[in-house]
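Asks: Just to be clear, the model below is a prediction. Sequence and coordinates:
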Amino acid sequence: MEQNNILAEETLYWLKVLTSTDAETKATENIQQLKAVLRFNEYRYYVLNNALISDNEYDALYKLLEKVEKNHPELITKDSPTQRVGSSLNEGFATVQHLVPMLSLDNSYNADDLKDFDRKAREASGLAIIEYCVEPKFDGASISLIYENDMLVRGTTRGDGVAGDDITTNTKQIRSIPLSAPFSKYGIEQIEIRGEVILTKQNFDKYNAWLEEQGLPTVANPRNTAAGSLRIKDPKEVARRNLDAFLYHISYIVNRESLKVNDTQQSLLTTHSNQLKLLWECGFRSPEKEKKVVKGIDAVIDYVLEFEQKRDNLPYEIDGMVVKVNSIELQDTLGMTSHHPRWAIAFKFKARQATTKLLHVEYQVGRTGAVTPVAKLQPVAIGGVTVSSISIHNEEYIKEKDLKIGDIVLIERAGDVIPQIVKSLAELRKGDEQEIIFPKECPVCKSELFKEEGEAVWRCINIECEAQVVEKIIHFVSKDAMDIKSFGEANVRKFYELKLLKDIPGIYQLNFDEFGKMEGFGKKSIDNLKAAIEASKQQPLNRLIYGLGIRFVGETTAKTLANSVEHLLDFKNKTEEELQQLEDIGVKVAKSIHHFFSNEQNIEMLKQLETLGLQLKNEKKATVVSGGLSGQTFLFTGTLNKLKRSDAEALAEQHGGIIVSGVSAKLNYLVVGEDAGSKLEKAKKINTIKIISEDEFLKLVE
Ligand code: IVH
């Protein structure tokens, strides 16, 4: 604890160093401390989920270390935070033997199975009641790590359980796996530990959003992505996916019996729960917080059922719980079969897979003209949700999965993930199944479909195709774009069919007199709709850009674009090369943006939107009232009484302030409303932050 406080203090010191002119000299003289500070902040971020500094601050410290190491290569150590990123590509994977075979687990599915497991363990041990440690069964890919003299020396996949692939470089890309860990404090020279590499739901979504922005096919579920990531040849690509790891098992300690340690240290090795604690204390993300130690199988059953309820609210996927005999001595007595230990069992949650029949395929046209095949299924319930149709992505996917109409298919719904077809059960075919033949024409406007080289997707390139027009409007009004509440997909389709709406500017020219005649449109709903449309005119430029649905321009790129101009039409004069200068905009994205703004019809539409009252100016750039707060950073927390949070932020920005997302030493003002929580607590510890009330803030901008 004390050590952590020191490291927190030292972090603040290094943030100050960053602003000094002799930062590099200071870092060279005290490189060990800088490395320790970086490691500490990685640990806070990746293991504890409780960052002390912002990403940018971390990056700046990291870059400082990189600079020093470049000029003084003799100072590079194997556990330096810079050594995670492999400089060269992996050369295929060598096969390496595990120190101890990686066994699987026996499965249980209900309370009776668990009781059976407990009975056998009690009979074999002669004990009346057994203490168990119960923890989540992480749904990812298993790995094995070896640390020697405190350094990570090897990372391996499970392989066939006896030997696996040497994936050391890739494991170093996972920030929750420390490159060095203080095992020697416990007298341990060599240790092999086991765990699961996972992709959190949030990082899975982020990765898919990125794939989508790049125009690449998205991935089906976090588990397969985590497993696939471990065997990628390019470590930088592995790093991009932001994998995590939970470590839950110590499989081997060299000379375990003769460790020269005191009793307290020795006791850390006597139970499984203490081993989780030891791993946690050595900086690993073990299930220390999620596990529960209980006596007797009834309490085990209570805990696994209680945890199943929380399943959907967890930030990562689990497919069950693992029940482990807590005493290591008793584990040794119970031993193993050739397949699984007798001291542990997996309790599998209700299946989220089911089989059903693929009835036929429909084709949908998206806003970019992409034609997506959708498999219509015999409705089937999985995990409380009825599934009757599933996207089958594109022609290649259909071939890859060998799908036919009439097939029995295995489908899966993993947590919040959209249902997917796992495979077709070809062995059940009767012979009357039919090939899925991809259409040559757009199912809506009947124009010929095209496929670009290197792409998997067939497109309708008729920009007047009704399906595309409607989808574009739906995207424009959607929550993440212009967020026109009460408009919604169904209304867009209805208004379009009734010819009340034909394009995006039409949203702002609706003839509301016609609406009164329509069923389901009372005065109140018309007023709400009017107000929502009116309010959307003030949406910031980035939302408008995102709403335009330019290919490859997702929310992040839209923000980058909005911040780079004073007026949206400035993009008319930007070359592809200029666009590529912007952060994260590559050749393909720049080409697409340039293409959009070179099209006269698009420019006309934007001019029309401006005339209709939409905001095409970059408010932030254009409307700074005065620079009174120029460069000062602000963060609002708690409930404000007088202002809406977004208005307060806009006000600070209008006076030159900058809104930041977290409390760090770089924050100047924390504006505190009612019921402020952890941010306020955190800010109190950093004495350079001015903590002010809403009224004080209003005085400041007066
Ligand atoms: S213990 C010798 N604990 O589940 C005991 N396994 O279906 C080794 N898994 O191969 C395993 N979470 O990849 C253990 N908390 C956990 C786990 C866990 C996930 C995986 C592991 C194992 C598979 C068996």
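Replies: Thanks, I have the structure now.
Asks: Tell me how far stretch 200-207 lies from the chain's centre.
Replies: Offset of stretch 200-207 from its chain centre (Cα atoms, centre = their mean, to the nearest Å): 2 Å.
Asks: Now that stretch: average pLDDT?
Replies: Averaging pLDDT along stretch 200-207 yields 91.
Asks: And stretch 77-86, by the same measure?
Replies: The model assigns stretch 77-86 a mean pLDDT of 80.
Asks: What of stretch 334-341?
Replies: 89.
Asks: what's that stretch in contact with?
Replies: By Cβ atoms under 8 Å, 6 or more residues apart in numbering, the list of residues contacting stretch 334-341 from outside reads 103-106, 121, 124-125, 325, 331, 342-343. Using the backbone N, CA and C atoms, a C-beta is placed for each residue, glycine as well.
Asks: ok, now stretch 381-389?
Replies: Residues external to stretch 381-389 that are found in contact with it (Cβ under 8 Å, 6+ apart): 350-354, 356, 362, 374-380, 411-413, 419.
Asks: Please list the residues of this structure that sit near the ligand.
Replies: Contact residues (Cβ under 6 Å from any ligand atom) of the chain with the ligand: 103-105, 135, 137-138, 142, 194, 196, 248-249, 322, 341, 344, 346.
Asks: follow-up on the earlier one: just the ones of the contacts of stretch 334-341 in helices?
Replies: Counting by DSSP state H, those place 121, 124-125, 331 in helices.
Asks: before we move on, the earlier item: mind checking which of the contacts of stretch 381-389 land in helices?
Replies: Among the contacts of stretch 381-389, no member falls in helices (DSSP H).
Asks: who's the closest residue to the ligand within the stretch 251-400 of the chain bridged to?
Replies: Among the residues of the stretch 251-400 of the chain, Val322 lies closest to the ligand, at 4.1 Å counting by Cβ to the nearest ligand atom. Note on Val322: beta-bridge partners Glu135, Ala346, judged by DSSP bridges.
Asks: so where is the stretch 501-650 of the chain shaky, pLDDT-wise?
Replies: The stretch 501-650 of the chain contains residues with pLDDT under 70 at 620-627.
Asks: And the helices in it?
Replies: Assigned by DSSP state H, counting those that start in this stretch, the stretch 501-650 of the chain shows helices spanning 512-515, 523-536, 541-547, 555-563, 576-580, 587-597, 600-611, 619-622, 645-654.
Asks: Which one of those lies nearest to Lys172?
Replies: Proximity to Lys172 (Cβ to Cβ) singles out helix 555-563 among those, at 26.7 Å.
Asks: Now do that closest one against helix 587-597, angle only.
Replies: Between helix 555-563 and helix 587-597, the angle comes out at 60 degrees (axes from the mean of the first three to the mean of the last three Cα atoms, to 10 degrees).
Asks: In contact with the residue in the chain that the ligand sits nearest to, which residues?
Replies: Going by Cβ to the nearest ligand atom, the ligand is nearest to Ser142 of the chain, at 3.1 Å. With contacts taken as Cβ under 8 Å, 6+ apart, Ser142 has the following neighbours: 102, 157-158, 194-197.
Asks: Show me which residues of the helix or strand encompassing it are buried.
Replies: Assigned by DSSP states H and E, Ser142 falls within strand 141-148. With burial defined by 16 or more other Cβ atoms under 10 Å, the residues of strand 141-148 counted as buried are 141-147.
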